[in-house]
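Trainee: Fold the stuff below for me.
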Amino acid sequence: MAAVLIRPDRTRSRLRLFVMQVLMLSLFVTLFGRLWYLQVFTGEEYQAKAAEQSVREVVAQPPRGLIVDAMGRPLVTNRTSWVVSVDRTVLGKLDAEVREALLRKVAATIKKPYDEVLARTRLCGTEGAEKKTCWNGSPFQPIPVANDVPQTTAVEISEQGEEYPGVLARAESVRSYPAPFGINAAGILGYLSPITGDELTEAERSDDRTLNGASLVGRAGLEKSYDQWLRGTPGITKVAVDSMGRVLGEGQQISAEPGETLVTSIDAKVQGVAEKELHEAITNARKTFDPVTRKNYVADSGAVVVLDAKNGNVVAMASQPTYDPSIWVNGITEKQLKGLYSKKNGVPLVSRATQGQFAPGSTWKPFMSVGALNHGFSQDTRLDCSSGLQVGNRWFKNYESASYGSIDFAKALQISCDTFFYRVGLSYWNKYGSDPSNVKAKDPLVTEAKEFGFGSKTGIDIPGEASGRIADRKWKLAYWNSMKDYYCKIDKKNTANKRDFLHVFAHEFCLEGNQYRAGDSVNFSIGQGDTMVTPIQLARAYAAISNGGTLYAPRIAKAIVDADGKLVKRIKPVVQGKVKSSKAALKYVDEALLGTTRTGTLAWRFGGFPLDDVKVRSKTGSAEVYGKQSTSWVATYDKNYVVIMVVTQAGTGSGTSGPPVRKIWEALYGIDGETVVPGKAAIPGTTPPRKLPVFASDGEIMPPVGGR
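Mentor: Here you go, the predicted model:
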């Protein structure tokens with residue numbers, strides 16, 4: 001039998017074919033298995049995801065919380081604004097020509113230039129974006145291109161959705177300023193501006209639902225300090241849209257939660273009087289001739305503070321120059337923003353009440369008196385109120401070179417004798433600090449100034465407060481170290497040996513600007529030199545004299561109340577410290593300042609005022625600033641209120657600020673001629689209310705009921 005031979009290459013071919021068949025089968029099984037998994041097992045999940053791609057979240061900004069005064073009068077409310085917005089997602093799906101045609105149609109409808117509308121649709125940081133018009137919010141939010149459009153225009157866009165794909169017209173809530181009694185209060189209320197990219201990122205990281213790409217955020221004043229309560233929580237509506245962004249139907253809704261109401265200690269009626277009197281003080285000063293400079297007073301800025309002396313609440317606070325707070329609504333132009341920072345306009349964005357820093361002049365003397373009485377001097381001390389005093393190589397004169405002989409502290413305060421206080425300051429310099437290079441030398445007057453809170457922020461509940469400055473030995477050394485190179489360079493370049501003020505000062509500063517000399521000490525004792533205070537600091541310090549030595553952090557907010565009128569948070573007075581002083585020293589100065597209004601430097605402005613019924617204490621001041629006219633100060637108080645006014649480059653304290661301060665007191669107590677008429681008082685009961693306004697069920701806000 002013949003043998004059958006199987007060729008090796010045929011066997012291998014069959015093996016390869018078999019393997020290929022197995023592989024192909026495995027691939028088909030895997031493919032069909034995957035298709036079954038996707039279409040059957042997980043089909044519903046992918047259908048849901050596909051559906052989500054056609055669903056958009058429309059965010060409804062909540063009405064921001066109200067800000068009201070102590071009597072319930074609205075200071076900041078909301079109004080309705082029709083806003084036209086464009087959805088960038090839809091725009092991105094359109095052809096370039098169609099997109100341009102759409103934006104041109106929108107621009108024509110809302111009566112805006114096409115270039116402006118186009119600029120507003122660009123995201124900040126992208127190519128072609130302009131800083132003043134670009135959108136810095138979320139790219140997934142509809143971008144506002146016009147605010148306050150007529151309602152008829154908004155209705156036209158809404159009803160012709162097919163003609164305006166991706167364009168929305170909605171009613172939104174924007175800030176409104178009712179201005180009761182014509183008040184401005186811009187420095188108190190603050191303003192809003194769009195959320196920044198960094199703020200939005202932080203909100204998303206912290207899962208903060210109250211913020212989104214279209215949010216407005218508080219930037220100054222109460223709007224910033226209490227932003228978290230005022231802003232509310234946005235609402236979200238999920239809507240189904242087609243590929244062109246047209247709404248097909250609405251789905252799940254989460255209602256917006258309105259912001260909460262902020263009740264303040266401000267009394268709008270007193271605020272109105274304070275603003276009016278400050279304005280008139282500046283206006284009248286500008287009409288008054290200055291015999292020193294031989295021209296009218298410049299009167300370029302000023303401030304008024306009215307405090308509740310018993311707890312530090314701010315009853316009124318005004319600043320000049322100021323601005324219209326509504327300028328921020330719907331966005332501010334670059335020109336308007338420059339105007340707010342313009343030196344030519346007086347930098348209106350700066351609130352002089354909390355951010356202005358001025359030499360206190362003679363309003364400083366009561367605190368120096370307390371310091372002296374606590375450190376070696378007595379109520380029986382008598383010093384010479386001479387026409388001047390020689391200190392080193394300089395003659396320090398009394399104001400107007402008047403001489404009153406030997407007097408006590410009370411008389412020195414009432415007539416504001418400079419040389420009396422020069423002698424007080426010089427005595428401490430001779431006793432403790434005659435070594436001008438000793439920065440650790442004891443100085444009771446500096447210590448007392450710090451006890452009254454000067455040189456530090458008061459802690460008022462609006463941002464941006466300045467700290468003022470106590471020009472003691474440590475400050476002078478630090479200032480010399482920071483500026484010596486600058487002034488030494490000026491001195492070195494003075495090859496012509498010029499003797500003008502700048503070059504003389506530069507020479508002396510370069511040689512010994514770190515030395516704290518006797519002249520520094522006597523200047524400090526009368527509130528001159530480099531010491532600076534803010535009006536709110538001075539008001540708080542006088543309140544401490546009134547209430548027996550307690551330093552309160554000034555507060556504008558009194559409470560947070562929800563949309564239903566229920567109390568959320570009561571903002572209580574904050575005690576920051578107690579002045580370390582004998583009660584006798586505080587009482588002595590307090591009683592002495594009664595005489596300033598009756599027989600002293602302010603008496604000529606308070607003639608006929610019922611001082612037996614309203615016991616106003618006072619101190620005037622005229623601070624001298626090199627190269628400028630004098631700064632006018634008047635500081636007054638009684639057991640209930642502190643009233644402070646300052647006007648820069650406006651002359652004497654009593655001359656410029658005396659009459660308007662008197663009118664504020666007349667408004668506080670309802671004074672008519674020489675009679676107190678409580679029914680005419682700006683604040684019912686003549687003292688600040690302790691209770692909160694009443695929030696009715698229909699939303700009406702009424703004055704506090706019963707009790708104070």
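Trainee: From here on, just use CA atoms for contacts and neighbour counts.
Mentor: Will do.
Trainee: Please work out which residues outside the longest strand along the chain touch it.
Mentor: Ranked by residue count and defined by DSSP state E, the top strand of the chain is strand 74-86. By C-alpha atoms under 8 Å, 6 or more residues apart in numbering, the surrounding residues in contact with strand 74-86 are 63-69, 121, 142-151, 154, 166-180, 189, 268.
Trainee: Just the buried residues of those.
Mentor: 63-69, 121, 142-149, 154, 166-177, 180, 189, 268 (16 or more other C-alpha atoms under 10 Å).
Trainee: Which ones among the residues you listed lie within helices?
Mentor: Filtering these for membership in helices, criterion DSSP state H, returns Ala154, Leu189, Ala268.
Trainee: so what pLDDT did the second one get?
Mentor: According to the model's per-residue confidence, Leu189 sits at a pLDDT of 98.
Trainee: The last one now?
Mentor: With respect to pLDDT, Ala268 scores 98.
Trainee: Touching, it and Asn184? I think so.
Mentor: No: applying C-alpha atoms under 8 Å as the test, Ala268 and Asn184 come out as separate, 9.8 Å apart.
Trainee: before we move on, back to that, buried ones in the longest strand of the chain?
Mentor: Buried-residue list, strand 74-86, by 16+ other C-alpha under 10 Å: Pro74, Leu75, Val76, Thr77, Asn78, Ser81, Trp82, Val83, Val84, Ser85, Val86.
Trainee: Would you tell me what the next helix or strand after that strand is?
Mentor: Scanning forward in sequence from strand 74-86 by DSSP states H and E, the next helix or strand is helix 88-91.
Trainee: Run the chain-centre distance for the helix or strand just after that following helix.
Mentor: Beyond helix 88-91 on the C-terminal side, the first helix or strand identified by DSSP H and E is helix 96-110. Taking C-alpha atoms, centre = their mean, to the nearest Å, one finds helix 96-110 lying 41 Å from the centre of the chain it belongs to.
Trainee: Gly302: which element?
Mentor: Applying DSSP H and E, one finds Gly302 within strand 301-308.
Trainee: strands paired with that strand, and their directions?
Mentor: Strand 301-308 pairs in its sheet with strand 314-320 (antiparallel), strand 641-648 (antiparallel), by DSSP bridges.
Trainee: hey, C-alpha coordinates of the last one in PDB?
Mentor: Presented in PDB, the C-alpha positions along strand 641-648 are these (Å, rounded to 0.1, in the frame of the first residue of the first chain):
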ATOM      1  CA  TYR A 641     -24.600 112.900  70.100                       C
ATOM      2  CA  VAL A 642     -21.200 113.900  68.700                       C
ATOM      3  CA  VAL A 643     -21.200 116.300  65.700                       C
ATOM      4  CA  ILE A 644     -17.800 116.900  63.900                       C
ATOM      5  CA  MET A 645     -17.200 119.000  60.800                       C
ATOM      6  CA  VAL A 646     -14.000 119.700  58.900                       C
ATOM      7  CA  VAL A 647     -13.500 121.800  55.800                       C
ATOM      8  CA  THR A 648     -10.100 122.000  54.200                       C
END
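Trainee: got the angle for whatever helix or strand comes next after that strand vs strand 641-648?
Mentor: Downstream of strand 641-648, the first helix or strand assigned by DSSP H and E is helix 658-669. Helix 658-669 and strand 641-648 meet at an angle of 150 degrees, taking axes from the mean of the first three to the mean of the last three C-alpha atoms, to 10 degrees as the criterion.
Trainee: Residues in contact with helix 658-669: which ones?
Mentor: Contacts for helix 658-669 (C-alpha under 8 Å, 6+ apart): 270, 273-274, 277-278, 280-281, 602, 605-606, 634, 643-645, 671-672, 676-678, 680-683, 686.
Trainee: Would you mind checking which helix or strand in this structure has the lowest mean pLDDT?
Mentor: Ranking every helix and strand in the chain by mean pLDDT, DSSP states H and E puts helix 43-52 at the bottom, with a mean of 52.
Trainee: circling back: can I get the strands paired with strand 301-308 in CSV including distance to Lys628, mean neighbour count and mean pLDDT?
Mentor: CSV is the format used below for the strands paired with strand 301-308 (distance: least, C-alpha to C-alpha, whole Å; neighbours: other C-alpha atoms under 10 Å; pLDDT from 0 to 100):
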stretch, distance to Lys628, mean neighbour count, mean pLDDT
strand 314-320, 18, 28, 98
strand 641-648, 9, 29, 98
